[in-house]
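Peer 1: structure for the following, please:
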Amino acid sequence: VQLQASGGGSVQSGESLRLSCTASGLTLDYYAIGWFRQIPGEEREGVSCISTGDSNTYYTDSVKGRFTISRDNAKNTVYLQMNSLKPEDTAVYYCNAIRSISPLFGWGQGTQVTVSS
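Peer 2: Numbering: from 1, shown residues only. Prediction:
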């Protein structure tokens, strides 16, 4: 099973993007879902996560107040709304089901987000 991230693109600093996380054959509502990002040559870092039932969300300090994670269970999709994007947000973004912040499945291809100043 792989979760697929989509919705990336190239934007200017201050603009917004909404990323989507989907999976075939997996009901995302049953899992806590995390968004991660990776810059070439660096380790993948956790950006945000949402618990089952939407009761808890987490954001890394650098995105607090700018990014919002949410679910649409009817569409079996988890979103990451990214506002006020900065050049340092440039990375490949991935999503995965998680348990105690550890990913449960293999990594999909990710989606490239490029923010220019």
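Peer 1: only C-alpha atoms for contact and neighbour calcs from this point on.
Peer 2: Noted.
Peer 1: so how far is Tyr58 from the residue nearest the centre of the chain?
Peer 2: Nearest to the geometric centre of the chain sits Trp35, at 3.0 Å (CA atoms, centre = their mean). Going from Trp35 to Tyr58 by CA to CA, to the nearest Å gives 10 Å.
Peer 1: which ones are touching the nearest residue to Asp72 once chain neighbours are set aside?
Peer 2: Leaving aside its chain neighbours, Asp72 sits nearest to Val78 (6.3 Å; criterion: CA to CA, 6 or more residues apart in numbering). Shown in contact with Val78 (CA atoms under 8 Å, 6 or more residues apart in numbering): Ser20, Cys21, Thr22, Leu28, Ile33, Ile69, Ser70, Arg71, Asp72.
Peer 1: who's the last one bridged to?
Peer 2: Assessed by DSSP bridges, Asp72 has beta-bridge partners Thr77.
Peer 1: where does this protein have low pLDDT?
Peer 2: Applying pLDDT under 70 to the chain flags residues 54.
Peer 1: now do the strands in it.
Peer 2: For the chain, the strands defined by DSSP state E cover 2-6, 9-12, 17-22, 32-38, 45-50, 57-59, 67-72, 77-82, 91-99, 102-103, 106-107, 111-116.
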